[in-house]
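Asks: pasting the sequence and the predicted model now:
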Amino acid sequence: MMAISRQVACYNSCRLFGRNAILQTVDAMSGGRISRRALMGGAAAIPLLELIPRGLWGFSSGKRQVTIRADSEIGLVRPELHGHFAEHLGACVYGGIWVGRDSAIPNVNGYRKLTVEYLRELGVPVLRWPGGCFADDYHWHDGVGPAANRPKSVNLHWGGYVEDNSFGTDEFIGFCRQIGAEPYICGNVGSGSPEELRDWIEYCNFPSGSTISEERIRNGHTQPHRVRYWGVGNENWGCGGDMTAREYAKLYRRFAVFAPTFGGLKPFLIACGPNRNDASWSRDFMDSVPPRHLPQGFAMHYYAEGKDNPAAYTPADMAAQLTTFGDIERAVIEQRALLDGYDSGRNVALIVDEWGVHDRVVPSEEKTHGRLWQECTMRSALAIALGLNLFNRQADKLYMCNLTQTVNVRAPLLQTDGPEGQRCIRTSVYHVFTLFKSHRSKTSVHVESDDPTSTRFSVSASRQDRDVVISLVNASADEDMPIDCKLAGERPGSASAQILHSDDLNAFNTFDSPETIAPRSHPVRVEGSNIQLDLPRLSVISITVRLV
C-alpha cells in the first residue's frame with residue numbers, strides 16, 4: 001500500500017462518503033491486504049480516511065465551477081475596506097508600535113522600526129485610534145505636550161495598569177505619516193463632553209491663531225494634522241456608557257453640533273452603530289436623529305467568536321467559528337437596507353469598525369506578551385480571507401472596515417516578542433492582506449459558484465481595465481478543490497497565482513520560524529476562457545489575470 005503521509009480527522013467519513021465506497025477504495029489501494037475487520041472492528045478500528053493519501057480522496061467533490069462576470073460591476077473596492085485599528089490594549093501601542101526614542105530597540109523617532117517598515121510595505125489605508133473601550137475613558141489633553149509633564153492615568157478597561165500617556169495625539173499622527181495611513185480618531189462620549197471633542201478637532205485641524213492651535217504649534221507641529229475621520233464614541237451600547245440607542249442618539253446630536261469645520265476640512269463623523277446585526281439599535285438611533293444631523297458614517301462591530309485557544313482548534317470548532325462570516329455578510333446586507341430606508345441617497349456610509357476573530361486567551365502567553373495576545377494561525381488567515389472576500393462582494397454597501405488589531409492583540413498583522421523584545425514578525429493575517437492588496441481601487445464584479453452560501457469555499461473578484469484579480473479560499477480541513485474558473489465574455493491571456501497554505505490549521509509563524517506561513521507561487525493554467533488550478537485544503541489563493 002502507498003505510504004501514509006499524514007493523518008486526517010475523519011470521525012464522520014462514513015457518513016460523508018458512504019461506508020462501502022470507502023471500503024472499496026481502500027481495498028483497491030491496498031490490494032486487499034487490509035481486512036475490513038481491521039478497518040471497522042472494535043476499539044482499535046482504523047479511521048478510514050487516514051488510510052487514503054492526500055490528493056487521492058478528492059473523488060467525492062469533483063471540480064468547483066466558478067464564473068467571473070467581469071462585465072457585471074458591484075462597486076469600488078475602496079482601500080478603506082482594508083483599514084486597521086490600534087488600541088491602548090496589551091502590547092499593541094506600547095511595545096508594538098511605540099518603544100520610545102531612548103529605547104535599545106531599533107526605532108524611528110520612538111516608533112518600532114520593523115513595525116514601521118512592515119506596515120508601510122503593506123500600505124495601511126486608514127488607522128483607527130485610541131480605542132475601542134479605551135476611547136471613552138481617554139482625555140486627549142493628557143497626551144500632548146512634553147512627555148515628562150503628561151499626567152498618568154489608569155487604564156480602566158484593560159488591566160488597570162498605569163497609562164503614562166507618552167503616546168498621544170501627536171505621536172499617533174506621526175505614526176500614521178510614517179506608514180502612510182489616514183488617521184481616524186475615536187472621540188470620548190462615555191466620559192467626555194462635546195467641548196472636549198470640539199477642542200480636539202481644533203487642536204488637530206485649525207491652522208493657527210487660536211490658543212489651542214498655538215499649543216499644537218508649541219508642541220512642534222506648525223502645520224495642522226488635518227484629521228478627517230472622527231468617531232463619536234465607541235460601543236456606547238456597552239463599555240462606552242451602557243446606553244440605549246435613543247440615549248446615545250441624544251448625545252450624538254449634541255456632539256455633532258460642536259464638531260465644526262476647521263481649516264476648510266469638514267469632519268466625517270462616524271456614529272456608534274450596532275453590536276453585530278442589532279436592527280433595533282439601528283432603527284432607534286435613526287428614528288432619533290433628524291435628517292440634518294445624520295452622521296456621515298455608521299459603525300457596526302462584528303467578531304467571529306471561538307471556543308478554543310488559538311493553536312488548539314479542531315476542524316469542527318474551526319468550521320463553527322467560520323460560519324460567522326456568513327452572518328456578517330447578511331448583517332452588511334440587512335444593515336445597509338435598513339439605513340437606505342432612512343437615507344435613500346446613501347449619505348450615511350456603512351462601516352464595519354471592528355471585526356476579526358476572538359479566541360480564548362492563553363494565560364501564560366498573556367502574562368509574557370500582554371493582554372489579549374493571540375497567535376495568528378492558518379485558521380486565523382482563513383477567517384480574515386473570508387472577511388475580505390465578503391467585503392469585496394458587498395463593496396457597493398461598505399465604506400470602511402477596520403481589523404482588530406494592528407500589533408500583538410487579537411488577530412494582528414504583526415507580533416513582537418514582548419515589550420522589550422527586538423524581534424517583530426509578520427503573521428499569517430498580514431500575508432492575507434498582502435494577497436488581497438491588489439483588489440484595492442479596482443471594481444468588484446459579480447461571481448457565481450456552485451456553492452455560493454458556503455464558508456468552506458469562498459471567492460471574490462475585481463477588475464480594472466484589462467486586469468482581473470480573483471481571490472479563492474478553501475476553509476475545509478479535509479477537502480482539496482480542483483477549480484475551473486470561467487471568465488464570461490473575456491479571454492485570459494496570462495495568469496499567475498500566489499498561495500498561503502498550511503496542512504495544519506493550527507500552524508503559525510514563530511520568532512524562530514517567521515516564514516512558516518507565507519505567500520508562495522502557485523501553478524495556474526489558462527485553457528481558452530477558463531482558468532484552472534488546484535485549491536488545497538486550508539489555503540488562500542490570489543490570481544492575477546491579464547486579459548487579451
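Replies: Alright, I've got the coordinates. The model shown is predicted, which means the values in this text are computed figures rather than measured ones.
Asks: hmm, residue 228 is touching residue 262, no?
Replies: No: using Cβ atoms under 8 Å, residue 228 is not in contact with residue 262, being 11.3 Å away. Just so you know, the C-beta spots here come from the backbone N, C-alpha and C atoms, and that holds for glycine as well.
Asks: looking at those two, which has the bigger crowd around it?
Replies: residue 262 (22 against 17; other Cβ atoms under 10 Å).
Asks: what segments of this protein are helices?
Replies: Secondary structure of the chain by DSSP state H: the helices cover 13-17, 19-30, 36-40, 113-122, 169-179, 194-205, 211-218, 245-257, 279-288, 315-322, 324-342, 363-369, 378-393, 428-436.
Asks: in the fifth one, what's buried?
Replies: Neighbour counts over helix 169-179 (16 or more other Cβ atoms under 10 Å) mark 169, 170, 171, 172, 173, 174, 175, 176, 178, 179 as buried.
Asks: got CSV for those residues, with distance to residue 187 and pLDDT too?
Replies: CSV is the format used below for those (distance: Cβ to Cβ, whole Å; pLDDT from 0 to 100):
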residue, distance to residue 187, pLDDT
169, 12, 98
170, 17, 98
171, 17, 98
172, 13, 98
173, 15, 98
174, 20, 98
175, 19, 98
176, 17, 98
178, 23, 98
179, 22, 98
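Asks: and of the residues you listed, the nearest to residue 250?
Replies: Relative to residue 250, the closest of these is residue 169; by Cβ to Cβ it sits at 27.4 Å.
Asks: quick one: contacts for the closest one?
Replies: Each residue near residue 169 by Cβ atoms under 8 Å, 6 or more residues apart in numbering is listed here: 140, 143, 144, 185, 200, 203, 204, 225.
Asks: between those residues, which has the most around it?
Replies: Highest neighbour count within these: residue 204, with 27 neighbours (other Cβ under 10 Å).
Asks: can you give me the end-to-end span of stretch 342-359?
Replies: Stretch 342-359 has an end-to-end distance of 36 Å (Cα to Cα, to the nearest Å).
Asks: hang on, the earlier thing: a markdown table please, covering the contacts of residue 169 and showing distance to residue 279 and pLDDT.
Replies: A markdown table is the format used below for the contacts of residue 169 (distance: Cβ to Cβ, whole Å; pLDDT from 0 to 100):
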| residue | distance to residue 279 | pLDDT |
| --- | --- | --- |
| 140 | 33 | 98 |
| 143 | 37 | 98 |
| 144 | 40 | 98 |
| 185 | 28 | 98 |
| 200 | 32 | 98 |
| 203 | 37 | 98 |
| 204 | 34 | 98 |
| 225 | 36 | 98 |
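Asks: nearest to residue 315, of the residues you listed?
Replies: residue 185 (41.2 Å).
Asks: which one of the helices of the chain lies closest to residue 419?
Replies: Using Cβ to Cβ, the nearest of those to residue 419 is helix 363-369, at 8.5 Å.
Asks: what does that closest one rub up against?
Replies: Contacts for helix 363-369 (Cβ under 8 Å, 6+ apart): 90, 91, 372, 373, 375, 408, 415, 417, 418.
Asks: most neighbours, which of the residues you listed?
Replies: Counting neighbours by other Cβ under 10 Å, residue 408 leads these with 30 neighbours.
Asks: surely it meets residue 97?
Replies: No: with contact defined as Cβ under 8 Å, residue 408 does not count as touching residue 97 (9.3 Å).
Asks: what residues do those two have in common as contacts?
Replies: With Cβ under 8 Å, 6+ apart applied, the contact sets of residue 408 and residue 97 do not overlap.
Asks: which residues sit in contact with the most centrally placed residue in the chain?
Replies: Nearest residue to the geometric centre of the chain (Cα atoms, centre = their mean): residue 403, 3.6 Å. Contact partners of residue 403, counting by Cβ under 8 Å, 6+ apart, are 83, 84, 85, 355, 356, 384, 387, 411, 413, 429.
Asks: cool, residue 63 as well?
Replies: Neighbours of residue 63 in contact, by Cβ under 8 Å, 6+ apart: 481, 482, 483, 484.
Asks: touching, residue 176 and residue 185? I think so.
Replies: No: with contact defined as Cβ under 8 Å, residue 176 does not reach residue 185; the gap is 10.1 Å.
Asks: buried residues in stretch 515-531, which are they?
Replies: For stretch 515-531, using 16+ other Cβ under 10 Å, the buried residues are 516, 517, 519, 522, 524, 526, 530, 531.
Asks: per-domain residue ranges of this structure.
Replies: 1-60, 127-414 (automatic domain parsing).
Asks: not counting its neighbours along the chain, what's nearest residue 482?
Replies: In this structure, residue 482 finds its nearest non-sequential neighbour in residue 63, 4.5 Å apart by Cβ to Cβ, 6 or more residues apart in numbering.
Asks: measure that neighbour to residue 533 for me?
Replies: Going from residue 63 to residue 533 by Cβ to Cβ, to the nearest Å gives 11 Å.
Asks: list the residues that contact both of the two?
Replies: The contact lists of residue 63 and residue 533 share 482, 483, where a contact means Cβ under 8 Å, 6+ apart.
Asks: run a quick neighbour tally on residue 328.
Replies: Going by other Cβ under 10 Å, the residues that sit close to residue 328 add up to 23.
Asks: doesn't residue 300 make contact with it?
Replies: No: under the criterion of Cβ under 8 Å, residue 328 makes no contact with residue 300, lying 9.1 Å away.
Asks: now do the shared contacts for those two.
Replies: Common neighbours of residue 328 and residue 300 (Cβ under 8 Å, 6+ apart) are residue 352.
Asks: from residue 214, how far off is the nearest residue to residue 210 once chain neighbours are set aside?
Replies: Spatial nearest neighbour of residue 210, excluding adjacent residues (Cβ to Cβ, 6+ apart): residue 202 at 6.3 Å. Separation of residue 202 from residue 214 (Cβ to Cβ): 11 Å.
Asks: who has more neighbours out of the two?
Replies: Counting neighbours by other Cβ under 10 Å for residue 202 and for residue 214 shows that residue 202 has the greater number, 19 against 12.
Asks: ok, now which ones touch the more buried one?
Replies: Residue 202 neighbours (Cβ under 8 Å, 6+ apart): 210, 212, 213, 262.
Asks: and for the first one, the neighbour number?
Replies: Meaning residue 210. Neighbours of residue 210 using other Cβ under 10 Å come to 14.
Asks: coming back round to it: what's the closest of the contacts of residue 63 to residue 284?
Replies: residue 481 (43.8 Å).
Asks: now for the closest residue in space to the closest one that isn't next to it in sequence, how many residues are close by?
Replies: Leaving aside its chain neighbours, residue 481 sits nearest to residue 535 (4.3 Å; criterion: Cβ to Cβ, 6+ apart). Other residues near residue 535 come to 25 when the count uses other Cβ under 10 Å.
Asks: residues contacting residue 535?
Replies: Counted by Cβ under 8 Å, 6+ apart, residue 535 has contacts 64, 457, 472, 474, 480, 481, 482, 483, 541.
Asks: dump the contacts of residue 169 to TSV, plus distance to residue 271.
Replies: Formatted as TSV, the contacts of residue 169 follow (distance: Cβ to Cβ, whole Å):
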residue	distance to residue 271
140	19
143	24
144	26
185	14
200	17
203	22
204	19
225	22
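Asks: just to revisit the earlier point, between the helices of the chain, which one is nearest to residue 161?
Replies: Closest approach to residue 161 among the helices of the chain is made by helix 363-369 (12.9 Å; Cβ to Cβ).
Asks: list the buried ones in the closest one?
Replies: Under the neighbour-count criterion of 16+ other Cβ under 10 Å, helix 363-369 has 365, 369 buried.
Asks: how about stretch 214-234?
Replies: Buried, per 16+ other Cβ under 10 Å, within stretch 214-234: 215-216, 221, 224-225, 227-234.
Asks: and what of stretch 418-428?
Replies: Those would be 419, 421, 422, 424, 425, 426, 427, 428, for stretch 418-428 by 16+ other Cβ under 10 Å.
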